[in-house]
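Participant: Take a look and give me a structure for this.
(2 chains)
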Amino acid sequence: MDYSFYQHYWWLLISLLGALLVFLTFVQGGQSLIFQIGKSDLERTMIVNTLGRKWEFTFTTLVTFGGAFFASFPLFYSTSFGGAYWAWMALLFCFIIQAVSYEFRSKKGNLLGKKTFDIFLFINGVGILLVGVVVATFFTGSEFVVNKANLTNTAMPVISTWSNPLHGLEALLNIRNVLLGLGVLFLARVLAELYFIQTINDANIQARSRKFLVFDTTLFLLFFLPFLIWTLVAKGYAVNPDTQVVSLVGAKYLHNLLEMPVVALVFVLGVVAVLFGILWTLLKPKFIQGIWFTGIGTVATVLALLLIAGWNNTAFYPSNTDLQSSLTISNSSSSLFTLRVMSIVSLLIPFVLWYIYKAWKAINIKQIDAAEMDGNDTKY
Amino acid sequence: METLDPSLVDWSRAQFALTAIYHWLFVPLTLGLGVIISVMETYYYKTGDEEWKRITKFWMKLFGINFAIGIATGIILEFEFGTNWSNYSWFVGDIFGAPLAIEGIMAFFMESTFIAVMFFGWNKVSKKFHLAATWLTVIGATLSALWILVANAWMQFPDGMHFNPDTVRNEMADFWAVLFSPVAMYKFFHTVTSSWIVGSAFVVAISAWFLLKKREMQLAKRSIRIAAAFGLLGTLLTAFTGDGSAFQVAQKQPMKLAAMEGLYQGQNRAGLVAFGILNPSKKSYDDAEAPFLFRVKIPGLLSLMSNRSLNSFVPGVNDLIDGGYQKAPYKGDSTIALSADQKMERGKVAVLALKDYKLARTARNDSLAKVNQAKLEENFPWFGYGYITDKKELVPNVPLTFYTFHLMVMIGMFLILFFIVAMYMNKKNILHSQKWMLWLSLLTLPMAYISSECGWIVAEVGRQPWVIQDIMPVNMAVSQISAGSVMTTFILFAVLFTVLLISELSIMIKQIRKGPEGLN
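Facilitator: Take a look at the predicted model:
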């Protein structure tokens, strides 16, 4: 297996981690609904507790996504994180305040009060749109220059330099980025509503979740579909496999889908599963497993979208300042040796998924209800 | 010509130091208390005694409060390598990224999966599954420490890699050399066992408070029984691995060792400073001021620790700058040491050779490229010196390194005695009546934390100016952002983490006051 195989394999793993992360943002979606679906203190407590048993998965997936990206495509790590400083810092702040909020919110002496920690959770919830905005730049491009020869300039040896003084916040000024950001936010809310329906045994929360499901699905489609269509027909960043020269090609991402039929199939099946999970939940009041269909569908759809960003001779992190500085899976990856070592480590992933599944099932064996919140069990 | 703002380097370092110091307030307790609660739950599992369950749940509650803020302060550290040290991320990301990714896949998921079972699974899973989950949580935390310490150790002693001039970065050549480097192994065991001390001191201190208040006597005595023994084990292992770590520092980072000891003029049969007060008038290695106002030395011990030979030569700061001394034989290397000027000269040759290599490649002049590649390889061990403009930059902050090192060792010695006495008194069932010892136990807790933080200050300040020893100094590693931006995030982190710390302490104190009956 050659270098290119490992580069493609690692882009697949990064895409899979990214896709799992988007699915797991149901935690953030749920946090953004704390005040809308949770009208009383007890209702909010039930919501926080059902999310609180899963928030660490989302958090860990984000951290692992970062670590895996660092290990497999370090030039992305150095270029994007060091350049789009404020975008990443804003996202990280949202996660820092989340990490304490579950544990601290209902503890006596927490200094800031329960309401503040719930607001922290809400901020983290809405902040998830930044993930969508950043991911959208994989398709719309950013403003940076990579020049490895800079290293020998001892007075200013920085290889990757950002060209926009807003350092990442400029991504919020691009409509297509914002469309995906809002799309991700409302998808997260849709997933959260399906998750509440599955895990909380409370008539009010069930009813409100169903009501918001219609509303949030509409908004999700309203933002995501324009992004999708726009991206498929817009110019994309193609790489000549022989010369590695990057150029703009019309409808590049649509071509990628058509030229990779398996990816296209994953995409279509994903979309169908997402819609099925939502519609079936709305049509069948007794059906509570929609989260699995929409969740798996989300993973498949996002996976396909990220694959068309990096596979099939495409620059996954394009530069609009200097097209030839754009990052591709071949010019930004780790060495063959490191990718091989990491690939052996990646064989652990099925085992990790297996024990996560086991633990998930063990904890979610019974729905959360008001009685459990009153009982002596550990709760947030 | 564009140049880097020096205050950018300072603010970037300050931010990393701030976030790392905050994070390290919480990690050792997770590692230490994690083992203690696992042992307690094992007692419960074996005996079925409900009192053990109550004890376990009490400490587990405190573990959870600490764990949450540990996560909050930890996420930023991983991403800071990218946000603030972007050049570093490319230059060594091929080696450094792997442990971070493995940490995520192997350790973080284990921790985050099983901690949920540990907290919420009491009435949902079997006793056996629950016990396994508790152990797996702390094993996950310890594995996470392993990988991040492997990464840190590699920065102190870069091994198992080669420089690729085409990609302009270091690439991994031997994974096992990275993982099992002696520096990594000593660092891992030293850090983890010293964290056991913090966990033990925490349990002993809070139990002592219960004894002072004459509350929860059984909980306190049982807790001390486990924690004092575990603490003693931790201190002994920490002392042993500390000696091993010091030997590694002497061999691989002699400047750090010189700073730790305030040693300016090298000596044969060098003594270890048992206690000393530095002369504050000494501002630079080359001024005429004496380094110490007062010191007590143990003759020959520094030579013995550094080279495993009582009469060997230990170089001081001046020797390391001036060179010319014969190195103590290590791995057959007993050459004459180079001076800082010579190293800087070689570093500049290496950087220039890389530049010429790139130009030759662009011009498709293969023979010239080869000549420059050979020159680069020959001088690469001093590559980072090419970015040093003044040799004074090569001397770390001596007072900070010296005092933190000695404070760490002194507290460590005290802790060995402390745990022996606590264990003895608890066994004889007289501890609860010895008020002085109970108060001392309370005082011991901040000391254990201070000692733990001091260890990191020694390790990180002592290796300045290097991010990667000899290969990459800090000014070569930073991201190109404005110093004002980093200053702003520094202030944001300082305020946010301080508020969260106060909140955590306040919650912790409330929970302890309530005791095991008032959980939640």
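Participant: Distance-wise, check B:Ser367 relative to A:Gln244.
Facilitator: Per Cβ to Cβ, to the nearest Å, B:Ser367 is found 25 Å from A:Gln244. Any C-beta I mention is one placed from the backbone N, CA and C, and that applies to glycine too.
Participant: Actually, A:Glu193.
Facilitator: Here the distance between A:Glu193 and A:Gln244 works out to 45 Å (Cβ to Cβ).
Participant: In terms of packing, which of these two has more residues around it?
Facilitator: Higher neighbour count among A:Glu193 and A:Gln244: A:Glu193, with 32 against 14, using other Cβ atoms under 10 Å in any protein chain shown.
Participant: residues contacting the more buried one?
Facilitator: For A:Glu193, the contacting residues are A:29, A:33, A:37, A:209-210, A:212-213, A:216, taking Cβ atoms under 8 Å, 6 or more residues apart in numbering or on different chains as the criterion.
Participant: Show me the subset of the residues you listed that also lies near chain B.
Facilitator: The subset of those lying close to chain B, counting by Cβ under 8 Å from any Cβ of the partner chain, is empty.
Participant: now those residues in a markdown table, with neighbour count and secondary structure?
Facilitator: As requested, the contacts of A:Glu193 are arranged in a markdown table below (neighbours: other Cβ atoms under 10 Å in any protein chain shown; DSSP: H, G, I helix; E, B strand; the rest coil):
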| residue | neighbour count | secondary structure |
| --- | --- | --- |
| A:Gly29 | 27 | helix |
| A:Leu33 | 24 | coil |
| A:Ile37 | 26 | helix |
| A:Ser209 | 26 | helix |
| A:Arg210 | 16 | helix |
| A:Phe212 | 18 | helix |
| A:Leu213 | 23 | helix |
| A:Asp216 | 25 | helix |
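Participant: Please state the backbone phi and psi of the residue of the stretch 251-380 of chain A at minimum distance from chain B?
Facilitator: Ranking the residues of the stretch 251-380 of chain A by distance to chain B (Cβ to the nearest Cβ) places A:Ser335 first, at 4.1 Å. Note on A:Ser335: its backbone torsions stand at phi -70, psi 160 [degrees, to the nearest 10].
Participant: and it, how many residues sit next to it?
Facilitator: A:Ser335, neighbours per other Cβ under 10 Å, totals 22.
Participant: which SSE is the spatially most central residue of chain B in?
Facilitator: The geometric centre of chain B, computed from its C-alpha atoms, lies nearest to B:Trp456 (Cα atoms, centre = their mean), at 4.0 Å. Element membership of B:Trp456 [criterion: DSSP states H and E] is helix B:435-461.
Participant: Could you do B:Val296 as well?
Facilitator: Under the criterion DSSP H and E, the helix or strand holding B:Val296 is strand B:292-298.
Participant: repeat for A:Phe23
Facilitator: Assignment of secondary structure by DSSP H and E places A:Phe23 within helix A:3-24.
Participant: May I have that helix as CSV, with CA atoms only?
Facilitator: What follows is helix A:3-24, C-alpha atoms only, in CSV (Å, rounded to 0.1, in the frame of the first residue of the first chain):
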residue,chain,number,x,y,z
TYR,A,3,1.7,6.7,0.4
SER,A,4,-1.5,7.8,-1.4
PHE,A,5,-3.5,5.0,0.1
TYR,A,6,-2.6,6.0,3.6
GLN,A,7,-3.3,9.7,2.9
HIS,A,8,-6.8,8.7,1.6
TYR,A,9,-7.3,6.3,4.5
TRP,A,10,-6.5,9.1,7.0
TRP,A,11,-8.8,11.5,5.2
LEU,A,12,-11.5,8.9,5.6
LEU,A,13,-10.8,8.6,9.3
ILE,A,14,-10.8,12.4,9.8
SER,A,15,-14.0,12.6,7.8
LEU,A,16,-15.5,9.9,9.9
LEU,A,17,-14.5,11.6,13.1
GLY,A,18,-15.9,14.9,11.8
ALA,A,19,-19.1,13.1,10.9
LEU,A,20,-19.5,11.5,14.3
LEU,A,21,-18.8,14.9,15.8
VAL,A,22,-21.7,16.5,13.9
PHE,A,23,-24.0,13.6,15.0
LEU,A,24,-22.8,14.1,18.6
